[in-house]
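J.: generate a structure from the sequence data that follows.
(2 chains)
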Amino acid sequence: MVRELKAEAKNLNFYYGDVHALKNISLNIARREVTALIGPSGCGKTTFLRCFNRMHDLYPHNKYEGEIILHPDGINIISPEIDPIEIRMQISMVFQKPNPFPKSIYENVAYGLRVRGINRKRALDEKVEKSLRGAALWEEVKDRLNKLAFDLSGGQQQRLCIARALATDPRILLFDEPTSALDPTATSKIEELIIELKNAVTIIIVTHNMQQAARVSDYTAFMYLGEIIEFDRTDKIFTAPSNKLTEEYITGRFG
Amino acid sequence: MAAIFEKELSDLKGTVLRLGSMVEKAISDSIKSLVERDSKLAADVIDNDRKVNALDVEIDEEGIRLIALRQPRAGDLRLITTAMKITTDLERIGDLAVDISERALELNEEPQLKPYIDIPRMAEIAQGMVRDALDAFVKRDSALARDVLSRDDMVDNLNWQVFNELLFFMIQDPKTVSRAIKITYISKYLERIADHATNIAEMVVYLVEGKIIRHLG
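T.: Numbers count the residues shown, from 1 in each chain, chains lettered A, B, ... in the order given. Below you'll find the predicted structure:
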């Protein structure tokens, strides 16, 4: 069904201590397409998303089993031999609430590049502009790049976070309910941006807003109690899902 | 909220059924007006079409309202789009019953050409197809819908048979041409009614299975 793979979860299990949060998940992530993870609160969608850039490593007692293979090189993202810091540059996360650093607009975007040891002004300038353009923010901030990021509106801050994520040329962008703190206009801008970004990068998005999943994604996975119940093309899921549980959730009968 | 929407959907289904029973009655009354040469009944069928048209508009408006306000998905979305499409077919069936009644009015002014045997049979099959297609819609019964589809050929064959028989009359005696052509029309209208019932049954298969099966055969 999925044409070209960017990533592949294989028999993935995840434990918060004794709590078995993800149960034997296998899922294909299509290259340069948007995959949405939906499901009721506590179904494991955010837990699953966080596996992709090893966010769970920040807490002890968390345990992964199985594999998440990143294509085309075939590395297993969750293998202990893989450096989580490097993974987070390649697979970046945009969070629910915009979380810019207490720095200038410019430095927010340049941050990841500096971490990578890029300090030449010309190279930084180019990359910062390209990333801000990529996040559809350049025109609004090009005259005040040295202003504090907190001076921006919520929607602009979120696009700044997207620019910051883009700066390190990520292979996958993870969005964790990226518009839940934004108004409808800012939401619509972010959604348009997501659709534009998939020309260059693979996207996985967790959203509570089913209509958002319908609007922006190509594939949808419905999760429940730590399992993938159904995975299919988004148009199929929203017009004729195969599974009764999916049907009930999609039509608002539960969850 | 889910309970309110549930009721709105069930009301919409109810309105489609109401339209369906009006249209079924229009078919049987139009044929009765022909067979029993009851011109008053034919006039009633023509007059009642206003009610059919009003329900057609009502269902469309309600469907559009639900799509806009409830953002229906999956089975709910298929139910609303199916209801709206079925309604178009039902309204056309109503128009065909009016056409039959108009020809009946004309034929009732002249001596009867022949006893009507195949026409009532066709009407009975076509009306049964409409009734069962709507039954399948309400019960989400795709097996019954497929059974309706299988009956369309019977009506097509009868239509062909009626045409050939009337052709024979016309060749034998040119004075019968005007009446024979009108009966041929009625036969064709019934054949079209069966086609609309087929459309409804195909939509029911989509409603239940999520598969569009028309134009596959």
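
J.: would you check that B:Leu107 makes contact with B:Lys182?
T.: Yes: using Cβ atoms under 8 Å, B:Leu107 is in contact with B:Lys182, at 5.5 Å. (C-beta placed from N, C-alpha, C; glycine too.)

J.: okay, the two: which has more neighbours?
T.: Comparing B:Leu107 with B:Lys182 by other Cβ atoms under 10 Å in any protein chain shown, the one with more neighbours is B:Leu107, at 23 against 19.

J.: Provide the secondary structure category for the closest residue to A:Thr47 other than its chain neighbours.
T.: Among residues not flanking A:Thr47 along the chain, A:Ala21 sits closest, at 4.8 Å (Cβ to Cβ, 6 or more residues apart in numbering or on different chains). For A:Ala21, the secondary structure call by DSSP: H, G, I helix; E, B strand; the rest coil comes out as strand.

J.: now A:Ala21: how far from B:Thr176?
T.: Going from A:Ala21 to B:Thr176 by Cβ to Cβ, to the nearest Å gives 83 Å.

J.: more neighbours: these two, which one.
T.: Shown here are A:Ala21 and B:Thr176; by other Cβ under 10 Å, A:Ala21 has more neighbours (21 against 18).

J.: dump the residue contacts of that one.
T.: A:Ala21 makes contacts with A:14-15, A:44, A:47, A:226, as judged by Cβ atoms under 8 Å, 6 or more residues apart in numbering or on different chains.

J.: spatially central residue in the chain, please.
T.: I went with chain A, as the question did not name one. A:Leu174 (1.0 Å; Cα atoms, centre = their mean).

J.: oops, wrong one, chain B.
T.: B:Ile93 (3.6 Å).

J.: residues touching that residue, list them.
T.: By Cβ under 8 Å, 6+ apart, the neighbours of B:Ile93 are B:23, B:26-27, B:130, B:193, B:196-197.

J.: what subset of the residues you listed is buried?
T.: Among the contacts of B:Ile93, those classed as buried by 16 or more other Cβ atoms under 10 Å in any protein chain shown are B:23, B:26-27, B:130, B:193, B:196-197.

J.: can you pull the residues of chain A lying near chain B?
T.: A:210-211, A:214, A:237-241, A:246-247, A:250-253 (Cβ under 8 Å from any Cβ of the partner chain).

J.: switch to 6 Å and redo it
T.: A:211, A:238, A:240-241, A:247, A:250-252 (Cβ under 6 Å from any Cβ of the partner chain).

J.: pLDDT score for the closest residue to chain A within chain B?
T.: As assessed by Cβ to the nearest Cβ, chain A sits closest to B:Gly210 within chain B, at 2.6 Å. At B:Gly210, the model reports a pLDDT of 92.

J.: can you list the low-confidence ranges for chain B?
T.: For chain B, the stretches with pLDDT under 70 are B:1, B:217.

J.: now the helices for it?
T.: Secondary structure of chain B by DSSP state H: the helices cover B:2-35, B:39-70, B:74-108, B:118-139, B:142-150, B:152-172, B:177-209.

J.: run the chain-centre distance for the second one.
T.: Looking back up the chat, that one is helix B:39-70. Offset of helix B:39-70 from its chain centre (Cα atoms, centre = their mean, to the nearest Å): 14 Å.

J.: tell me which residues of that helix are tucked away?
T.: Residues B:39, B:41-42, B:45-46, B:48-49, B:52, B:55-56, B:59, B:62-63, B:66, B:70 are the ones in helix B:39-70 that count as buried (16+ other Cβ under 10 Å).

J.: of those, closest to A:Leu166?
T.: Among the buried residues of helix B:39-70, B:Arg70 lies closest to A:Leu166 (Cβ to Cβ), at 36.9 Å.

J.: would you format the contacts of B:Ile93 as a markdown table with distance to chain A included?
T.: A markdown table is the format used below for those (distance: Cβ to the nearest Cβ, whole Å):
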| residue | distance to chain A |
| --- | --- |
| B:Val23 | 28 |
| B:Ala26 | 33 |
| B:Ile27 | 32 |
| B:Val130 | 26 |
| B:Ile193 | 29 |
| B:His196 | 24 |
| B:Ala197 | 24 |
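
J.: widest-spaced pair of those?
T.: B:Ala26 and B:Ala197 (13.5 Å).

J.: near chain A at all, stretch B:141-149?
T.: No: using Cβ under 6 Å from any Cβ, stretch B:141-149 never reaches chain A; the gap is at least 12.8 Å.

J.: how about that stretch as PDB, C-alpha atoms only?
T.: The C-alpha trace of stretch B:141-149 is given here as PDB (Å, rounded to 0.1, in the frame of the first residue of the first chain):
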ATOM      1  CA  ASP B 141     -28.800  -5.200   3.900                       C
ATOM      2  CA  SER B 142     -26.500  -5.500   0.900                       C
ATOM      3  CA  ALA B 143     -27.600  -9.100   0.100                       C
ATOM      4  CA  LEU B 144     -31.200  -7.800  -0.500                       C
ATOM      5  CA  ALA B 145     -29.800  -4.900  -2.500                       C
ATOM      6  CA  ARG B 146     -27.900  -7.300  -4.800                       C
ATOM      7  CA  ASP B 147     -31.100  -9.300  -5.200                       C
ATOM      8  CA  VAL B 148     -32.800  -6.200  -6.400                       C
ATOM      9  CA  LEU B 149     -30.100  -5.700  -9.000                       C
END
